[in-house]
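Participant: Turn this into a model:
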Amino acid sequence: MDLTERDIVCCPPPLYHCFGLVLGLLAVMTHGACIILPSEAFDAREVLRSIENDRPTALYGVPTMFLAELELLSQGFITKKDFSHLRTGIIGGSPIPSSLRLTLHEKLNLSDLASCYGLTETSPIVCMTTSSDTLEQKLNTVGGMLPHTFAKIVSRDDPTRTLRYGEKGELLISGYCVMAGYWKDESRTSEALNEENCPGEKKERKIWFRTGDEALIQPDGYIRITGRIKDIIIRGGENIYPPEIENVLLQHPLILNASIVGLPDVIYGEVVAAFIIVKGDGNEEHGAAAGSLSKDSVRGWVQARLSKMLVPKHIFWVLQMPLTASGKIEKYKLKDFGVQWLREKETGYVGLET
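Facilitator: Residues are numbered from 1 along each chain as shown. I've put the predicted structure just below:
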């Protein structure tokens, strides 16, 4: 990120999470920079006030945080139009739509925003983009590996079989940053960590952490995350990747946020379901968004840009997404909502509107 003692980092992610603690507090301590914690819990309004009043040079967040800030900005919450003081920051924590990344470049001057990838189990970051990367690398990858860390792509069905460049499989990480194990949980530790004998006289063994993420390594060494393996939708034997559809939906001028999950289907096994927050409907009655954005128009938007099998069969209007404390969308809860609706087959309100 090219941090110096002159930088001011606005850090909305919480300090009890590795994002706020390691990439925020510890990073500024090692560089003598300043850190702004805009509020005790995430509040998009306080973040924008900090951008206006504190003039930070870096802004951190997960995609849902940035989307909330952009929505308030479009509503004229602050009159400030000059964001030239912003230059860098970090976005990560969940799949990063390229359309969102490009919007942050254009709206907030975050041309050097770093896309980062890692997990709490890897301390956390193992790869990231840098300011010298090309626009394509910044938009579509999470960068290259950091020093003293290693990555490989293995078959989802056989973690001992390493795949070639460009092939999708499970991403495994090795290096000094990998955890020793889950606290007092040998069963989960043995599932997550694989040992590998290294060639040579020293008989060293390398520990690989199974991330649970599907990815591919490009010929240039940069890593592209295609989604969580457990979130991949298998429709009639074809793999469907939610981030691909979410990226298209987020380009719609009336959609604030969207999340894609798979729901059971008697014919295809699974089908695509979209949970959508419409821009500007936060104070309206639940479901009123359908008046400004129809389900057919959403399907038409997707079909004009992607193949027919990626068009959502089910569409749910929601006022907010279920989030973890660190701002990640809890897709399993969305799936539970959808399954509940399919079982009841009623039009009544069951926590969402269809």
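Participant: Please name the nearest non-neighbouring residue to D7.
Facilitator: The shortest distance from D7 to any non-neighbouring residue, by Cβ to Cβ, 6 or more residues apart in numbering, is to A33 (4.2 Å). Yep, even glycine has a C-beta here, placed from its N, CA and C like the rest.
Participant: contacting residues for the one you found?
Facilitator: Taking Cβ atoms under 8 Å, 6 or more residues apart in numbering, we find A33 in contact with 3-9, 27.
Participant: for this structure, longest helix please?
Facilitator: Taking DSSP state H as the criterion, the chain has its longest helix at helix 331-344.
Participant: Show me what it packs onto, helices and strands only.
Facilitator: Contact analysis of helix 331-344 by 3 or more Cβ pairs under 8 Å, 6 or more residues apart in numbering; DSSP states H and E lists strand 255-265, strand 269-278, strand 314-317 as its packing neighbours.
Participant: Swap in 6 Å and give it another go.
Facilitator: Helix 331-344 sits against strand 255-265, with contacts defined as 3 or more Cβ pairs under 6 Å, 6 or more residues apart in numbering; DSSP states H and E.
Participant: Flag the shaky bits of the protein, pLDDT-wise.
Facilitator: 200-203, 281-291, 345-354 (pLDDT under 70).
Participant: any chance you could map the helices in it?
Facilitator: Using DSSP H, helices in the chain cover 18, 27-31, 44-54, 63-74, 98-108, 135-140, 186-192, 242-249, 295-303, 331-344.
Participant: possible to save the ones you listed as CSV with mean neighbour count?
Facilitator: Below are the helices of the chain laid out as CSV (neighbours: other Cβ atoms under 10 Å):
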stretch, mean neighbour count
helix 18, 21
helix 27-31, 15
helix 44-54, 18
helix 63-74, 20
helix 98-108, 17
helix 135-140, 17
helix 186-192, 12
helix 242-249, 21
helix 295-303, 15
helix 331-344, 16
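Participant: Any chance of JSON lines for these, columns distance to Y176?
Facilitator: Shown next, in JSON lines, are the helices of the chain (distance: least, Cβ to Cβ, whole Å):
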{"stretch": "helix 18", "distance to Y176": "16"}
{"stretch": "helix 27-31", "distance to Y176": "17"}
{"stretch": "helix 44-54", "distance to Y176": "33"}
{"stretch": "helix 63-74", "distance to Y176": "29"}
{"stretch": "helix 98-108", "distance to Y176": "29"}
{"stretch": "helix 135-140", "distance to Y176": "25"}
{"stretch": "helix 186-192", "distance to Y176": "17"}
{"stretch": "helix 242-249", "distance to Y176": "30"}
{"stretch": "helix 295-303", "distance to Y176": "43"}
{"stretch": "helix 331-344", "distance to Y176": "31"}
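Participant: so which of those comes closest to Y222?
Facilitator: Taking Cβ to Cβ, helix 135-140 is the member of the helices of the chain nearest to Y222, at 5.6 Å.
Participant: Return the members of the contacts of A33 classed as buried.
Facilitator: The neighbour count (16 or more other Cβ atoms under 10 Å) marks 3, 7-9, 27 as buried among these.
Participant: Now flag whichever of the residues you listed is closest to L256.
Facilitator: Taking Cβ to Cβ as the measure, V9 is the one of the buried ones among the contacts of A33 closest to L256, at 25.9 Å.
Participant: Am I right that that closest one is in contact with L59?
Facilitator: No. With contact defined as Cβ atoms under 6 Å, V9 does not count as touching L59 (7.8 Å).
Participant: re earlier: pick out the most distant pair among the buried ones among the contacts of A33.
Facilitator: Of all pairs in the buried ones among the contacts of A33, the most separated under Cβ to Cβ is I8 and A27 at 12.6 Å.
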